[in-house]
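Peer 1: kindly return the folded structure for what I paste below:
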Amino acid sequence: MGTYLNPSRQNFQISVNSKIFVDKSEMIGFLNTLVNTQERYVSVSRPRRFGKTMAADMICAYYGREADSRELFTKLKISHLDAVETKTGTIGWDCYLGRFDVIHIVMTRFFKAKTSVEKALEKLQMMVIRDLKKAYPETDFFDEKDLVQAIEDVYSNIERQVVVVIDEWDAVFRLKQIDKDGQTEYLNFLRDLLKDNEHIALGYMTGILPIKKYGQHSALNMFDEYSMIAPMQLAKYTGFTEEEVRQLCSSYGRNFEEIKAWYDGYEVSDILPPVTNHAGFHETGIPSVQRKYAIYSPLSVVKAVSTGLLMNYWNKTETYEALAEYIRRDYDGLKDAVALLMDGGRLKIDTSTYQNDMTTFHGRDDVLSLLIHLGYLGYDSMTGEVFIPNQEIHDEFRASTKGNEWAKTFVAYELSEKLLKATWNQDEKKTAELLEDAHNRAGNQTYHSEAALSYAVQLAYYAAQKYYTTILELDSGKGYVDLAYLPAPGYPDLPALVIELKYNQSADTALDQIRRQEYPARLGHYAGNMLLVGIDYDRDVPNTDPAFKHHHCRIEKA
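Peer 2: Modelled structure (predicted):
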């Protein structure tokens, strides 16, 4: 056995021996179906505290030919899995047990803040090759500093393959955030080591971040990615499932509902592949199945169950300064988004533009996407919405938003909530007053056109995103509704809002247009539970007039 080649099973044995151990060994049953296929490259990204390292240790213990782990795995759930029929034959639970050499690399051992990527890669290759030379002393190594060549030298002469397990693969991107050349060198090394290498039976990488992109393309495109956004077949292995937490609470006499309130909230979806026939080929016309799992942070649950103390265990490993650093970057109204999320709201975001690093942000959604991967936000893949998952994470946000710089944000959000309630109550005077206040805070540039007025009104109604889906320029058939707020599925009893804006015209004119163009007819299924809102602003009133920057509002039920 070596440090990097064929490590012992001891690390995984320690986990199994622990007071609280949740058996996730069935995950290997899925990985076995990928061995020696084009899908054999697996990248798993999860937040800290979600069991990534233990899974890596388990994989090493299972596949390692020197780990002697049969007795250990015979007692785990994997030993009860049914055999799987594939195109190449039957895969039993122990088909690949102890079958391969394993190379296990923990990248944080090599990549340090003050060490160059070049030096780190030199040391990494030297250490792994040293283990290879000890294990295969008869091999003629062509280049004792080139790991790719060393693997070729060893495994081209023997009928054995290697499983490569890389933990903390994204260390370079977290520790050397601005070293773009170093990041490129690192990615090229991984690609050369793994891609199209027939000697590798399985490649498994784990980290916090998904694989770095260049534009719309991944630098390591041979990998299938299983992330917090799309964990796919590994969804139920992402963290503790609700059933597993119930069992722990029952065993330790803990109140499950209290544990749930503190640590539940992450939602992941398991998208199963199409059904296969007896020959292993996909059946056509059979839809995929999607299941949703409630996932708990393993470390927090273990601490709470074992100690009986319900508290925030997050900052024991990740300080809230990391969260504060990102949400302080007020891209596209990010602070307003945080205020809404802290109030229990959900936001639909686009995760496709995020470049999977910690520095490249083009807008609010990119930062929110990063926070999903860091574990600070939950993500519902079915709706595309983010949310604060539980009380523990809410405490992190609350601690991160205590500074004076957040005071205006929370005041603005509170006023937005009041505006929404005044609208629901059909209080025209109060609605107009609150709109004026919000419009003033939006800045002078929002007074110069109807488009700018629309922006200011959307900003004023920001809190509505908690309860509504916002539609701009809704086609009514006879014209376009300026703003429509349609109740979200969780709030079906709220009235739909149809808002018409008039620049240098009256609020009554706005309502007349709503009726004349028959806007409500477009939303007929909300009939009887719809509010028509007309809002005006007169830009020609001089600043000496009491009506300067003054709004009028008319609200009518339909």
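Peer 1: now the nearest residue to residue 296 once chain neighbours are set aside. Its backbone dihedrals?
Peer 2: The shortest distance from residue 296 to any non-neighbouring residue, by C-beta to C-beta, 6 or more residues apart in numbering, is to residue 240 (4.3 Å). The way it works is simple: take the backbone N, C-alpha and C, and place the C-beta from them, glycine included. Dihedral pair for residue 240: phi -80, psi 130, per degrees, to the nearest 10.
Peer 1: and if you look at residue 348?
Peer 2: Dihedral angles of residue 348 (phi, psi; degrees, to the nearest 10) stand at phi -80, psi 130.
Peer 1: quick one: the helices in the stretch 401-550 of the chain, in order.
Peer 2: Listed in chain order, the helices of the stretch 401-550 of the chain (DSSP state H, counting those that start in this stretch) span residues 407-424, 428-442, 450-460, 507-516, 519-522.
Peer 1: how about the residue positioned nearest the centre of the chain, nearest residue that isn't a chain neighbour?
Peer 2: The residue lying closest to the centre of the chain (C-alpha atoms, centre = their mean) is residue 372, at 3.1 Å. Leaving aside its sequence neighbours, residue 372 sits nearest to residue 379 (C-beta to C-beta, 6+ apart; 4.7 Å).
Peer 1: confirm the one you found sits in a strand?
Peer 2: Yes: judged by DSSP: H, G, I helix; E, B strand; the rest coil, residue 379 forms part of a strand.
Peer 1: count of residues packed around it?
Peer 2: Look at residue 379: counted by other C-beta atoms under 10 Å, it has 26 neighbours.
Peer 1: please report how far it lies from residue 386.
Peer 2: The gap separating residue 379 from residue 386 is 6 Å, by C-beta to C-beta, to the nearest Å.
Peer 1: common neighbours of those two, please.
Peer 2: residue 372 (C-beta atoms under 8 Å, 6 or more residues apart in numbering).
Peer 1: ok, back up a step: go through the helices of the stretch 401-550 of the chain and name the closest to residue 550.
Peer 2: Ranking the helices of the stretch 401-550 of the chain by proximity to residue 550 (C-beta to C-beta) places helix 428-442 first, at 6.4 Å.
Peer 1: what does that closest one contact?
Peer 2: The list of residues contacting helix 428-442 from outside it, by C-beta under 8 Å, 6+ apart, reads 412, 415-416, 418-419, 422-423, 446-447, 453, 455-457, 459-460, 533, 535, 537, 549-555.
Peer 1: CA-only coordinates of it, as CSV, when you get a sec.
Peer 2: Output in CSV follows, covering the C-alpha atoms of helix 428-442 (Å, rounded to 0.1, in the frame of the first residue of the first chain):
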residue,chain,number,x,y,z
GLU,A,428,-55.4,54.6,-3.3
LYS,A,429,-53.9,57.5,-1.2
LYS,A,430,-51.5,55.3,0.7
THR,A,431,-50.5,53.4,-2.5
ALA,A,432,-49.7,56.7,-4.2
GLU,A,433,-47.7,58.0,-1.2
LEU,A,434,-45.6,54.8,-1.1
LEU,A,435,-45.0,54.9,-4.8
GLU,A,436,-43.8,58.5,-4.6
ASP,A,437,-41.4,57.5,-1.8
ALA,A,438,-40.1,54.5,-3.7
HIS,A,439,-39.8,56.6,-6.9
ASN,A,440,-37.7,59.3,-5.1
ARG,A,441,-35.4,56.6,-3.8
ALA,A,442,-35.0,55.2,-7.3
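Peer 1: between that helix and helix 450-460, how many degrees?
Peer 2: Helix 428-442 and helix 450-460 meet at an angle of 100 degrees, taking axes from the mean of the first three to the mean of the last three C-alpha atoms, to 10 degrees as the criterion.
Peer 1: distance from the chain centre to helix 428-442, please.
Peer 2: 36 Å (C-alpha atoms, centre = their mean, to the nearest Å).
Peer 1: residue 36 and residue 201 touch, don't they?
Peer 2: Yes: using C-beta atoms under 8 Å, residue 36 is in contact with residue 201, at 5.4 Å.
Peer 1: so what sits against both of the two?
Peer 2: residue 161.
Peer 1: hang on, the earlier thing: any chance of the helices of the stretch 401-550 of the chain in TSV, plus mean neighbour count, mean pLDDT and distance to residue 489?
Peer 2: Converted to TSV, those look like this (neighbours: other C-beta atoms under 10 Å; pLDDT from 0 to 100; distance: least, C-beta to C-beta, whole Å):
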stretch	mean neighbour count	mean pLDDT	distance to residue 489
helix 407-424	18	89	18
helix 428-442	19	83	26
helix 450-460	19	75	22
helix 507-516	17	81	25
helix 519-522	18	76	20
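Peer 1: quick one: closest of these to residue 29.
Peer 2: Smallest distance to residue 29 across the helices of the stretch 401-550 of the chain (C-beta to C-beta): 47.4 Å, for helix 407-424.
Peer 1: what are the phi and psi values for residue 133?
Peer 2: Residue 133 adopts backbone torsions of phi -70, psi -40, taken as degrees, to the nearest 10.
Peer 1: I'd guessed it sits against residue 140; true?
Peer 2: No: contact criterion C-beta under 8 Å: residue 133 and residue 140 do not qualify, at 10.8 Å.
Peer 1: domain map for this protein?
Peer 2: 10-226, 319-407, 417-557 (automatic domain parsing).
Peer 1: distance between the second one and the chain's centre?
Peer 2: Averaged C-alpha coordinates place domain 319-407 at 10 Å from its chain's average position (C-alpha atoms, centre = their mean).
Peer 1: same thing with stretch 418-431?
Peer 2: The mean C-alpha position of stretch 418-431 is separated from the chain mean by 36 Å, C-alpha atoms, centre = their mean.
Peer 1: quick one on the thing from earlier: so the residue nearest to the centre of the chain makes contact with residue 381?
Peer 2: No: Residue 372 lies out of contact with residue 381 (C-beta under 8 Å); the separation is 10.4 Å.
Peer 1: what sits in contact with each of these two?
Peer 2: In contact with both residue 372 and residue 381: residue 229, using C-beta under 8 Å, 6+ apart.
Peer 1: lowest-confidence helix or strand of this protein?
Peer 2: Counting by mean pLDDT, DSSP states H and E, the chain has its least confident helix or strand at strand 217-218, which shows a mean of 56.
Peer 1: got a list of contacts for the following helix or strand past it?
Peer 2: Helices and strands here follow DSSP states H and E; after strand 217-218, the next one along the chain is strand 224-226. Strand 224-226 is contacted from outside by 39, 41, 42, 43, 44, 45, 210, 211, 218, 232, 233, 234, using C-beta under 8 Å, 6+ apart.
Peer 1: narrow these to those that are buried.
Peer 2: Among the contacts of strand 224-226, those scoring as buried are 41, 42, 43, 44, 45, 210, 211, 218, 232, 233, 234 (criterion: 16 or more other C-beta atoms under 10 Å).
Peer 1: the first one bridge partners, please.
Peer 2: I take that to be residue 41. Assessed by DSSP bridges, residue 41 has beta-bridge partners residue 203.
Peer 1: could we number from 196 for the rest of this?
Peer 2: Yep, numbering from 196; the last one is residue 236 now.
Peer 1: and it, what is it in contact with?
Peer 2: 389, 390, 398, 415, 417, 418, 419.
Peer 1: ignoring the adjacent residues along the chain, who's closest to the second one?
Peer 2: Which is residue 390. Nearest-residue entry for residue 390: residue 417, 5.0 Å, with adjacent residues in sequence omitted and distances by C-beta to C-beta, 6+ apart.
Peer 1: confirm for me that the one you found is in contact with residue 387.
Peer 2: No: at 11.8 Å, residue 417 does not count as touching residue 387 under the criterion of C-beta under 8 Å.
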